[in-house]
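Engineer: Give me coordinates for this.
(one chain, ligands or ions: 1)
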Amino acid sequence: MAVLTVPGIDLRSGDTIPVLGQGTWHLGQGRHSRAEEIRALREGVELGMTLIDTAEMYGDGASEKLVGEAIAGRRADVFLVSKVLPSHANRRGTTAACHGSLRRLATDQLDLYLLHWRGAIPLQETVEAFEELRAAGLIRNWGVSNFDLVDMERLLRLGGGGAQTDQVLYNLSRRGIELDLLPWCLQHGLPVMAYSPLEQGRLLDHPVLRGIAIQRRVSPAQVALAWVLARAGVCAIPEAGTAAHARQNRAALDLRLSELDMLKLDEAFPPPVSPQPLEIL
Ligand code: NAP
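Structural biologist: Numbers count the residues shown, from 1 in each chain. Here you go, the predicted structure:
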């Protein structure tokens, strides 16, 4: 399969991820037909959105099974990301969860394995489990999700210097990370993976977004994505349940917002004026 390329961001490990990937939280759970969702993911990969983000939590494994089916025969083209639930993230639990994800995804290695959010299990145990999985070749990289600045600093103090990313909520209506977490991650060479870049669709009726979309002859989703993609060191992972949405999202990479568009968006969605606690969906 010929896969179009999109610009990449280097991880500290030397691997590269595309700036635009695909989310899967609600896939495999009947929102669209299974065939349509598989078509959407495959089309997305063919268009260069080769990073696919899933988690053992999504649909209790149903999302991973659908992803496994979608990438069958094209595993080598995909940068596959999954996540361990915090309640599983002790030494043995992490390994067992990883094996479960690999089985459902019908693969023998994850490209990136994330701790879904911070739970009660000591972080050190999860880091050790991730390092063991990496040494055993079951994962290539590991990272975290929903970690605020204080958690990231703690992680590094614990010797978690092998972390490759923090996957967090970031979109026009959730700009809290811009003053602290985002610059800190970039300073430390950690790309930020922006989840829910469309605010799960809730952004798309906003009059300012719609106005810019009409003027630029694109869709509001493309404006929202182009805004996230304009930021260096950020990878966005919108979820598309249809091939038409996947194509539209890929085309957002070709949209350059003007200075005036950016000013209008800043006015409608003001940046933070002081550090904010990390928001989570
Ligand atoms: P999202 O990507 O912001 O929005 C998805 C919604 O937008 C779906 O309803 C989808 O509808 C719609 N959509 C997609 N493309 C569109 C387009 N071009 N035009 C109009 N509507 C469009 O929300 P999300 O699924 O919450 O976030 C994305 C991914 O981030 C998730 O799937 C998951 O992989 C990850 N995530 C991670 C965490 C975490 O805690 N780490 C939390 C949330 C999400 P259709 O289905 O009809 O295409």
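
Engineer: List the contacts of the residue of the stretch 151-281 of the chain found nearest the ligand.
Structural biologist: Nearest to the ligand, among the residues of the stretch 151-281 of the chain, is G241, at 2.6 Å (C-beta to the nearest ligand atom). Every residue, glycine included, has its C-beta placed from N, CA and C. G241 sits next to 26-27, 31-32, 36-37, 40 when contact means C-beta atoms under 8 Å, 6 or more residues apart in numbering.

Engineer: What of P86?
Structural biologist: P86 neighbours (C-beta under 8 Å, 6+ apart): 115-121.

Engineer: and if you look at A40?
Structural biologist: A40 neighbours (C-beta under 8 Å, 6+ apart): 22, 32, 240-243, 245-246.

Engineer: Would you format the contacts of P86 as JSON lines with pLDDT and secondary structure included?
Structural biologist: Formatted as JSON lines, the contacts of P86 follow (pLDDT from 0 to 100; DSSP: H, G, I helix; E, B strand; the rest coil):
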{"residue": "L115", "pLDDT": "98", "secondary structure": "strand"}
{"residue": "H116", "pLDDT": "98", "secondary structure": "coil"}
{"residue": "W117", "pLDDT": "98", "secondary structure": "coil"}
{"residue": "R118", "pLDDT": "96", "secondary structure": "coil"}
{"residue": "G119", "pLDDT": "96", "secondary structure": "coil"}
{"residue": "A120", "pLDDT": "96", "secondary structure": "coil"}
{"residue": "I121", "pLDDT": "97", "secondary structure": "coil"}
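
Engineer: Which residues of the stretch 1-150 of the chain lie near the ligand?
Structural biologist: 23-25, 31, 53, 116, 145-146 (C-beta under 6 Å from any ligand atom).

Engineer: Sort out for me which of the residues you listed are in strands.
Structural biologist: 23, 53, 145 (DSSP state E).

Engineer: Just name the closest of those residues to the ligand, please.
Structural biologist: Distances from the ligand to these, taken by C-beta to the nearest ligand atom, are shortest for G23, at 2.2 Å.
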